[in-house]
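>>> pasting the structure only:
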């Protein structure tokens, strides 16, 4: 048997079980294997460092903290955060699910190109997204100037909830798109054919067969969007929408006593845990693996006939507003600066540092997420649920809170690692592990558990099952998780500024330093480089992903 090949159906498994005197029921132990416990505990304790910092700050509070927490400004910010998070998540799903279905299932002009372009908005930091959004649609922006040229006296109202909602949706929908695309690539064509033979048209087949199977991928991506939204600072600040993270940032910047900000951050973690618990309860009550007697087959492309240009039009519209508009705004500032005689400053070391650190962060984060994903999907218990919640909680913390907690522990207990690259990478793992965990969980939930039973029956050890069966089937999820972590690490700002080694330059720090000084041309150059590097990286990742999909065999029940 090839190391990367495994194909057994349920009938074959039962035959082997009868000959060997085994039963496929309950063969996989309910208790967590000892080999997984040490890495899971080490990773969980490491992820809990920011939470420990917040608890320490909480213990330093007194009764007066309740007066601050219950004031109207705090409650209004809490309501604003929940409203924005829910709206961005729903609208992102509405955009991403049709995009994923089009780029995976429908053979329309430009499909392969749109498969890449629709993901690229992930590389745009909310800081740059907010700046380009305002400079395009705000008063005096080139869209406003164009409307005036057309004798249209209208200024779009982009500030407040509406602007933040639209901007974050355009930046966040790829989180769902990536996870749903991976799930669609793993889906069984025979199930679609069975539905069609029963008389269901393509639309009914999608809603009754395809969409229910996508539920874990949609909820995993939606969870990331909800957590990203409640932890974002730059976009809501630029668009003047007061959320929880803005209050936390102001307290850190303006107050000598940071206890109130730490308590607010702890409430933000509790909010994220509630979201995670609801999502996990929903997933754990369902299974999403395929049930069939034969080898699972990949989804075939659909030729839509005269409607083929509809897919091109929808994808073009999304790419126009989420990618071309911000990229065009960046290019506009570059040419405007050149016309005014400004010098373009390009720092190759900043681009290299961003790529190198993000690449290392992707490897470390996916490696850390894998044992947690295995435990949370295969060994459901209060312990595994607690570990999973701790892993997701880090994503709800603003980057500045994670950075300051590591500064606190580094300066007091780990001077050897203070302001070093390992400490910066550690911060990235804490912040972005949920991204890898979400894609790995959705992939694992689609694996039929009888595959592991079959491996035990034919004599594989549990490590051989993991190495020869599970990991090859998880390659699409692993690559998607690595892509998410890489792209998000490329645009991380607070942790990079506070934890990077002395003299460390990255593309995001270059953009930030130029933006706060209002040198938009100088900010536009590293922003464009960031988009280009990440776009090429995405192209490579998706090429590898398609090659892996063609080689991997699919599990059976």
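Thanks, I have it. Since this is a predicted model, take the numbers as computed values, not measurements.

>>> report pLDDT for the closest residue to residue 350 other than its chain neighbours.
Excluding the flanking residues, the one nearest residue 350 by C-beta to C-beta, 6 or more residues apart in numbering is residue 505, at 4.3 Å. Where you see a C-beta, it was placed from the backbone N, CA and C, and this is true even at glycine. Model confidence at residue 505, expressed as pLDDT, equals 87.

>>> quick one: contacts for residue 505?
Going by C-beta atoms under 8 Å, 6 or more residues apart in numbering, residue 505 touches 347, 349, 350, 353.

>>> and it, what element?
Residue 505 belongs to no helix or strand when assigned by DSSP states H and E.

>>> what is the one helix or strand residue 58 maps to packed up against?
Element membership for residue 58 (DSSP H and E) is helix 49-59. Using 3 or more C-beta pairs under 8 Å, 6 or more residues apart in numbering; DSSP states H and E, the elements in contact with helix 49-59 are helix 259-284, helix 382-396, helix 399-413.

>>> on that earlier part again, okay if I get the contacts of residue 505 as JSON lines plus secondary structure, pLDDT and distance to residue 359?
Formatted as JSON lines, the contacts of residue 505 follow (DSSP: H, G, I helix; E, B strand; the rest coil; pLDDT from 0 to 100; distance: C-beta to C-beta, whole Å):
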{"residue": "347", "secondary structure": "coil", "pLDDT": "80", "distance to residue 359": "19"}
{"residue": "349", "secondary structure": "helix", "pLDDT": "88", "distance to residue 359": "16"}
{"residue": "350", "secondary structure": "helix", "pLDDT": "88", "distance to residue 359": "15"}
{"residue": "353", "secondary structure": "helix", "pLDDT": "91", "distance to residue 359": "11"}
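
>>> in stretch 328-337, which residues are buried?
Buried positions in stretch 328-337, judged by neighbour count with 16 or more other C-beta atoms under 10 Å: 329, 330, 332, 333, 334, 337.

>>> list just the nearest of the contacts of residue 505 to residue 308.
Among these, residue 350 lies closest to residue 308 (C-beta to C-beta), at 42.6 Å.

>>> the closest one against residue 506, yeah?
Yes: between residue 350 and residue 506 there is a contact under C-beta atoms under 8 Å: 5.6 Å.

>>> neighbour count: these two, which is higher?
A direct count of neighbours by other C-beta atoms under 10 Å for residue 350 and residue 506 places residue 506 higher, at 30 against 20.

>>> by contact count, what packs against whichever helix in the chain runs longest?
Secondary structure of the chain read by DSSP state H shows that its longest helix is helix 72-105. Under the contact definition 3+ C-beta pairs under 8 Å, 6+ apart, helix 72-105 sits against helix 111-117, helix 161-185, helix 215-231, helix 244-254, helix 259-284, helix 308-319.

>>> what average pLDDT does it get?
Helix 72-105 comes out at a mean pLDDT of 89.

>>> format the buried residues of stretch 328-337 as CSV; extra columns: secondary structure.
Listed next are the buried residues of stretch 328-337 as CSV, based on DSSP: H, G, I helix; E, B strand; the rest coil:
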residue, secondary structure
329, helix
330, helix
332, helix
333, helix
334, helix
337, helix
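
>>> residue nearest the centroid of this structure?
Taking C-alpha atoms, centre = their mean, the centroid of the chain lies closest to residue 435, which sits 4.1 Å from it.

>>> residues contacting the closest residue to that residue other than its chain neighbours?
Nearest residue to residue 435, sequence neighbours excluded (C-beta to C-beta, 6+ apart): residue 484, at 4.0 Å. Under the criterion of C-beta under 8 Å, 6+ apart, the neighbours of residue 484 are 122, 175, 178, 224, 432, 435, 436, 439.

>>> surely the third one touches residue 221?
Just to be clear, that refers to residue 178. Yes: between residue 178 and residue 221 there is a contact under C-beta under 8 Å: 6.9 Å.

>>> relative to residue 500, which of the buried residues of stretch 328-337 is nearest.
residue 330 (23.8 Å).

>>> for that closest one, give its distance to residue 530.
10 Å (C-beta to C-beta, to the nearest Å).

>>> do the same with residue 384
Taken as C-beta to C-beta, the span from residue 384 to residue 530 is 37 Å.

>>> swap in residue 382?
42 Å.

>>> among these two, which residue is more densely surrounded?
Legend: neighbour count by other C-beta under 10 Å for residue 382 and residue 530, higher for residue 530 (27 against 7).

>>> tell me the SS of the more buried one?
Per three-state DSSP, the secondary structure class of residue 530 is helix.

>>> go ahead and confirm it touches residue 123.
Yes: Residue 530 lies in contact with residue 123 (C-beta under 8 Å); the separation is 6.3 Å.

>>> joint contacts of the two?
Joint contacts of residue 530 and residue 123 (C-beta under 8 Å, 6+ apart) are 490, 491.

>>> tell me which residues touch residue 180, please.
Per C-beta under 8 Å, 6+ apart, neighbours of residue 180: 96, 97, 100, 101, 214, 217, 218, 221.

>>> ok, and the closest non-adjacent residue to it?
That would be residue 100: by C-beta to C-beta, 6+ apart, it lies 3.9 Å from residue 180.

>>> that'll do, ta.
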